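# have a look at this fold, sequence not included:
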């Protein structure tokens, strides 16, 4: 075994420590200087980026403009052919063959300066675009007939202002067959009745209903469905009464208050139509009455022995009823009434009262009036009877109505009497 040398003494170890420290400091300074050199521009030079590849599109250069014609040359185009000359396309002479890019060092070194470098269409999978239309040389100026030079027309401008080609005109639609007129409201709400029934017809109308609950319920529940019921516009729960009447099979009318001859001794109410009012005021009152309920087929005048004798006052009212699809029943409170005649003149559906059966509220008087109604119906084929909601009236009607069928007379709703009576 080799022998080790003598161990260093303590003094020798103390001398080696400063040398080791100096070596470490030199190494640290060298590393720091190297890092500083690299950070502030020393060390290796920056790597140069390789040149970016570019692609060059070689397009034929536009042909040089032809020299202008001599000043002495004049335009031989007739004045009338200027429009044709404007539409004549300008032809471009064929382009000379361009040298390859490898034969021209300048073209091979850099792309053209008037356009950015683009990817060749052959590499992009698209066909090359043709030269733009704006590269065509301008046409020479043409001389006007008077000798002054005239600018040659621009083909693009001429094409823009040229009239468009005539478009084929669309074929007119085939004529549609005329549509039937819409059904009037009174027809939509009419109760069923056989229009082919050739028997004489009698319509019975009970007026002034809705003011007495007991009388109104009796009329709705006890009278046959063929009896027409007319309601006062001043009645409470008017819509409910009209709905109950229709549910029981009755046709419904509204009473229209009109001025009587002895007004204001007899006053039909605050919404009465008056001859002293303007047409607009009377129409406002009519609107109030008509808006009180729905489901009625028309109106009948309540009183009105003065108002129905005034055609000037009547005409706007009856015209409005016609326009709303309603019918009018002339109560004939006076033999001088113009309502039925005027309704015929303006084509308003109407019916006319022939007898008020209970002006004398007694059994004998009512029975006599009912017999007279039978006579009118057999003579003319049609008759309208009106009555009030008196208990005696209901009693006599309950005894008389069932006998009509055996006498060959049909009980008809009021809509079955439209325009069947003479207005004279």
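Looks like it came in fine. All of these numbers come straight from a predicted model, not from anything done at the bench.
# quick one: residues contacting residue 196.
With contact set as C-beta atoms under 8 Å, 6 or more residues apart in numbering, residue 196 has no partners. C-beta coordinates here come from the backbone N, C-alpha and C atoms, glycine included.
# what's the closest non-adjacent residue to residue 285?
In this structure, residue 285 finds its nearest non-sequential neighbour in residue 271, 4.7 Å apart by C-beta to C-beta, 6 or more residues apart in numbering.
# what's the local residue count around that neighbour?
Taking other C-beta atoms under 10 Å as the criterion, the count of residues near residue 271 is 17.
# please apply the same query to residue 359.
Neighbour tally, residue 359, other C-beta under 10 Å: 12.
# can you tell me the SS state at it?
Here residue 359 is recorded as coil under DSSP: H, G, I helix; E, B strand; the rest coil.
# residue contacts, it?
Contacts for residue 359 were tallied using C-beta under 8 Å, 6+ apart; they are 365, 369.
# please tell me how far it sits from residue 324.
Going from residue 359 to residue 324 by C-beta to C-beta, to the nearest Å gives 32 Å.
# what's the answer for residue 306, then?
24 Å.
# neighbour count winner among the two?
Taking other C-beta under 10 Å, residue 306 and residue 324 do not tie; residue 306 has more neighbours (19 against 14).
# look up phi and psi at the more buried one.
Main-chain torsions, residue 306, degrees, to the nearest 10: phi -100, psi -40.
# excluding its backbone neighbours, what's nearest residue 259?
Residue 259 sits nearest to residue 307 (C-beta to C-beta, 6+ apart), 4.3 Å away.
# just residue 243 next, same as before
Counting by C-beta to C-beta, 6+ apart, residue 243 lies nearest to residue 295, which is 6.5 Å off, once chain neighbours are set aside.
# quick one: low-confidence parts of the protein?
In the prediction, the chain carries residues with pLDDT under 70 at positions 1-18, 34-182, 424.
# need the strands for the stretch 201-350 of the chain, in chain order.
Taking DSSP state E, counting those that start in this stretch as the criterion, the stretch 201-350 of the chain carries its strands at 201-209, 228-231, 252-258, 298-303, 327-330, 350-352.
# wait, which of those strands is closest to residue 282?
Ranking the strands of the stretch 201-350 of the chain by their distance to residue 282 (criterion: C-beta to C-beta) puts strand 252-258 first, at 9.5 Å.
# other SSEs contacting that closest one?
In terms of contacts (3 or more C-beta pairs under 8 Å, 6 or more residues apart in numbering; DSSP states H and E), strand 252-258 is packed against strand 201-209, strand 228-231, helix 238-247, helix 279-290, strand 298-303.
# now the angle from the third one to strand 201-209?
Inter-element angle recorded for helix 238-247 and strand 201-209: 160 degrees (by axes from the mean of the first three to the mean of the last three C-alpha atoms, to 10 degrees).
# next, the buried residues of helix 238-247.
For helix 238-247, the neighbour count (16 or more other C-beta atoms under 10 Å) marks 238, 241-242, 244-246 as buried.
# same for that helix, what does it pack against?
If contacts are counted by 3+ C-beta pairs under 8 Å, 6+ apart, helix 238-247 sits against helix 213-222, strand 228-231, strand 252-258.
# for residue 256, which residues make a bridge with it?
For residue 256, the beta-bridge partners are residue 301 (DSSP bridges).
# and for residue 414, the neighbour number?
So residue 414, with other C-beta under 10 Å, has 28 neighbours.
# ok, what's across the strand from the nearest residue to it once chain neighbours are set aside?
Using C-beta to C-beta, 6+ apart and skipping the chain neighbours, the partner closest in space to residue 414 is residue 228 (4.3 Å). For residue 228, the beta-bridge partners are residue 205 (DSSP bridges).
# isn't residue 228 up against residue 207?
No - in this structure, residue 228 is not within contact of residue 207 by C-beta atoms under 8 Å, at 9.5 Å.
# more neighbours: these two, which one.
The neighbour count for residue 228 versus residue 207, taken as other C-beta under 10 Å, is higher for residue 228 (30 against 22).
# what residues are up against the more buried one?
203-206, 250-253, 413-414.
# ok, those vs residue 290, which is closest?
Nearest member of those to residue 290, counting by C-beta to C-beta, is residue 253, at 11.7 Å.
# can you tell me the closest non-neighbouring residue to the closest one?
Once flanking residues are discounted, residue 253 sits nearest to residue 230: 3.9 Å by C-beta to C-beta, 6+ apart.
# do residue 325 as well
residue 185 (3.4 Å).
# so that neighbour sits against residue 324, correct?
Yes - contact criterion C-beta under 8 Å: residue 185 and residue 324 qualify, at 6.8 Å.
# show residues contacting whichever strand or helix holds residue 399.
Of the helices and strands defined by DSSP states H and E, residue 399 is found in helix 391-400. With contacts defined as C-beta under 8 Å, 6+ apart, helix 391-400 is touched by 204, 206, 215, 218-219, 222-223, 227, 357-358, 361-363, 366-367, 370, 387.
# in its sheet, what does the very next helix or strand once past that helix sit against?
Next along the chain after helix 391-400, taking DSSP H and E as the criterion, comes strand 410-411. Sheet pairing of strand 410-411 (DSSP bridges) gives strand 201-209 (parallel).
# ok, residue 311 - how many residues close by?
Neighbours of residue 311 (other C-beta under 10 Å): 13.
# mind listing what the closest residue to it other than its chain neighbours touches?
Nearest residue to residue 311, sequence neighbours excluded (C-beta to C-beta, 6+ apart): residue 338, at 5.1 Å. Residues in contact with residue 338 (C-beta under 8 Å, 6+ apart) are 308-311, 314.
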